[in-house]
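[1] just coords:
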């Protein structure tokens, strides 16, 4: 307990005499240490939060897969008609792109 009280006393003393160079160096060291610890806590917290979100998603996906497997009704994610519809959309977009590439639309110059 004495160490904690002594530390706060030294910080308060260094801050009150911050206009003197030797105390200014101590204040700078305390501020730098506080910034490093704060940054470390923020990075560690973000990593832990991200890991918890990742594991919850993986657990949820595993539970869904286990339920579908145990029920014996594992439905396909995409059937053939949906897949063909999506492929048709892509080929239509490709032909539209090729058409625009060969004959670009005329656009008036807005600066004139």
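    Okay, I see it. From a predicted model like this one, the values you see are computed outputs, not experimental measurements. Residues are numbered from 1 along each chain as shown.
[2] going forward, measure contacts between C-alpha atoms and count neighbours the same way
    OK.
[3] where does the protein have low pLDDT?
    1-5, 23, 65-76 (pLDDT under 70).
[4] make it 80
    1-8, 10-12, 14-26, 60-78, 112 (pLDDT under 80).
[5] Compute the distance between residue 98 and residue 104, please.
    In this view, residue 98 and residue 104 are 10 Å apart by Cα to Cα, to the nearest Å.
[6] how many other residues sit next to residue 64?
    13 (other Cα atoms under 10 Å).
[7] the helices in the protein, which residues?
    2-16, 21-71, 80-102 (DSSP state H).
[8] Just tell me which of these ends up closest to residue 108.
    Proximity to residue 108 (Cα to Cα) singles out helix 80-102 among the helices of the chain, at 16.6 Å.
[9] Can you spell out which helices and strands pack onto the closest one?
    If you count contacts as 3 or more Cα pairs under 8 Å, 6 or more residues apart in numbering; DSSP states H and E, helix 80-102 packs onto no helix or strand.
[10] Tell me the gap between that helix and the middle of its chain.
    Here the centre of helix 80-102 is set off from its chain's centre by 33 Å, with Cα atoms, centre = their mean, to the nearest Å.
[11] Likewise for stretch 38-58?
    The answer for stretch 38-58 is 10 Å, by Cα atoms, centre = their mean.
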